[in-house]
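Student: sequence and predicted structure, then a few things I'm wondering about:
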Amino acid sequence: MKFSPKRPINFSAGPGTIPEEVLETIQEEIFGWHGIGVGVMEMSHRSKEFISIYQSAQEKFRHYLQIPKNFKILFMQGGGIAQNAIVPMNLARRGCIDFLVTGNWSQKSYEEAGRYANDIRVAASSKLTGYTEIPTISGWKLNPAADYIHICSNETVQGVQFQELPDISILGSQAPLVVDCSSDLGSRSVDWSRAGLVFAAAQKNLGIAGLTIVVVREDLIGRALPICPSAFDYSVVDANESMYNTPPTWAIYVAELVLGWAQTQREGELTGVRAIEVRNKRKAEKIYRAIDESSFYHNNVAHQFRSDMNVPFFLADSKLDAAFLSAAKENNLLQLKGHKSVGGMRASLYNAMTEEGVDSLVDFLKDFERTRG
Ligand SMILES: *Cc1c(COP(=O)(O)O)cnc(C)c1O
């Protein structure tokens, strides 16, 4: 045990907390990976050692999320935000895209796509209700000519999450569903039969910044527009096994370790993502219960759309916000300030957030209310 037992509890929305075991392994291996005297940072991406790390990360990720063979896993760079441009450049052959706008992130994706496609539409939006719900699928207005439909599975800022991927075939749509899963990929299982392309920046549940994972159905590869840079053309990335340019080797190494950790998590009979999913639900319920039982804290999101990953909440008296944050810090609870666009507080409960960490926050919420409420 190299870290002090007083390691703070970090509720950061991203980059988020990393499992302690993973940090310990990194610390042990930084000067030399598996006894070879060279660390991963200093290794050629073409070396057999790095190729083995890369292949293991690919295999672990596919196995962990049960990704079918007809989907390719691409390790890219540029983050979730770059995908807001890269997806349209790869898929919007007709220039028609439908967006579901459910918060800051999907709104951002919608705005960026307008630079690459000329017929971008909002199929449905929850803006009028302050992004506290997800519009029911029967009301979505889909463009029959759309190249794809974009959703954000978990709105990191507003704390609004799809409980499962929507089945757009019930609206008669054949268009692929593109999902920004940056803040929940790896936190629960995915119904791949409903997805065309899923992307996620790694720094929430899968490791550190620098790696962007794209999971794309084979038949959607090879349609890029001529303006698409080669390094961002899915067919080029795929044909070169994510090594057309130097991949983010360190971030791939960390993701491989994080996936190894995730795969061995247990909850009773369950292992891997199913254990993680159950634990994440329980963690989130503990916080929401504490908030709902009090009149001192509140969360405005409709219950069935509340996120298991990001829990925004407000104090009844916002004049106490600063005191709340400094008392939290004294209690070793860090990064609880809400996103600047919504204010208040936000607790992010990614996979690496321990249940003990959540319990400490619940205790603190009660304690602060008792003394200051
Ligand atoms: C964090 C996040 C992103 C951002 O990714 P970058 O790596 O900053 O580009 C995109 N979408 C969602 C939903 C996120 O939570």
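Tutor: Nice, I can see it.

Student: longest single helix anywhere in the protein?
Tutor: Longest helix of the chain, by residue count under DSSP state H: helix 272-292.

Student: and that one, which residues are buried?
Tutor: Under the neighbour-count criterion of 16 or more other C-beta atoms under 10 Å, helix 272-292 has 272-273, 275-277, 279-280, 283-284, 286-288, 290-291 buried. Where C-beta positions appear, they are placed from N, C-alpha and C, glycine not excepted.

Student: now the helices for the stretch 151-300 of the chain?
Tutor: Per DSSP state H, counting those that start in this stretch, the stretch 151-300 of the chain carries helices over the ranges 234-239, 249-263, 272-292.

Student: mean pLDDT and distance to Val342 for these - can I get that in CSV?
Tutor: Output for the helices of the stretch 151-300 of the chain, formatted as CSV (pLDDT from 0 to 100; distance: least, C-beta to C-beta, whole Å):
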stretch, mean pLDDT, distance to Val342
helix 234-239, 98, 34
helix 249-263, 98, 28
helix 272-292, 98, 15
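
Student: among the ones you listed, which comes closest to the ligand?
Tutor: In terms of C-beta to the nearest ligand atom, the element of these nearest to the ligand is helix 249-263, at 10.9 Å.

Student: who's in contact with the closest residue to Val254 other than its chain neighbours?
Tutor: In space, and not counting its chain neighbours, Val254 is closest to Gly207: 4.1 Å by C-beta to C-beta, 6 or more residues apart in numbering. With contact set as C-beta atoms under 8 Å, 6 or more residues apart in numbering, Gly207 has these partners: 18, 251, 254-255, 257-258.

Student: can you pick out the most distant pair from these?
Tutor: The span of the contacts of Gly207, defined through C-beta to C-beta, is set by Ile18 and Ala251 at 11.7 Å.

Student: quick one: Gly37 from the ligand, how far?
Tutor: 33 Å (C-beta to the nearest ligand atom, to the nearest Å).

Student: excluding chain neighbours, what is closest to that residue?
Tutor: Once flanking residues are discounted, Gly37 sits nearest to Phe31: 7.8 Å by C-beta to C-beta, 6+ apart.

Student: thought that neighbour was touching Gly39?
Tutor: Yes: the criterion here is C-beta atoms under 8 Å, and Phe31 meets it with Gly39 at 5.5 Å.

Student: neighbour-wise, which of the two wins?
Tutor: Gly39 (15 against 11; other C-beta atoms under 10 Å).

Student: now the more buried one: how far from Ala209?
Tutor: Distance, Gly39 to Ala209, by C-beta to C-beta, to the nearest Å: 19 Å.

Student: just the buried residues of helix 272-292 now: which is nearest Lys6?
Tutor: Proximity of these to Lys6 (C-beta to C-beta) peaks at Lys283, which lies at 21.0 Å.

Student: contacting residues around that closest one?
Tutor: Lys283 sits next to 308, 349, 353, 355, 358 when contact means C-beta under 8 Å, 6+ apart.

Student: swap the cut-off to 7 Å and go again
Tutor: In this structure, Lys283 makes contact with 349, 353, 355, 358, judged by C-beta atoms under 7 Å, 6 or more residues apart in numbering.

Student: need the residues of the chain near the ligand, please.
Tutor: Within reach of the ligand by C-beta under 6 Å from any ligand atom, the chain has these residues: 14, 79-81, 105, 152, 156, 180, 182-183, 201.

Student: can you report how many residues lie near Arg46?
Tutor: Here the number of neighbours of Arg46 (other C-beta under 10 Å) works out to 9.

Student: enumerate every residue touching Phe314.
Tutor: 297-298, 344-345.

Student: how far away is Leu211 from Trp105?
Tutor: Leu211 sits at a distance of 18 Å from Trp105 (criterion: C-beta to C-beta).

Student: then Thr271?
Tutor: Distance, Thr271 to Trp105, by C-beta to C-beta: 31 Å.

Student: next one: Leu365
Tutor: Taken as C-beta to C-beta, the span from Leu365 to Trp105 is 27 Å.
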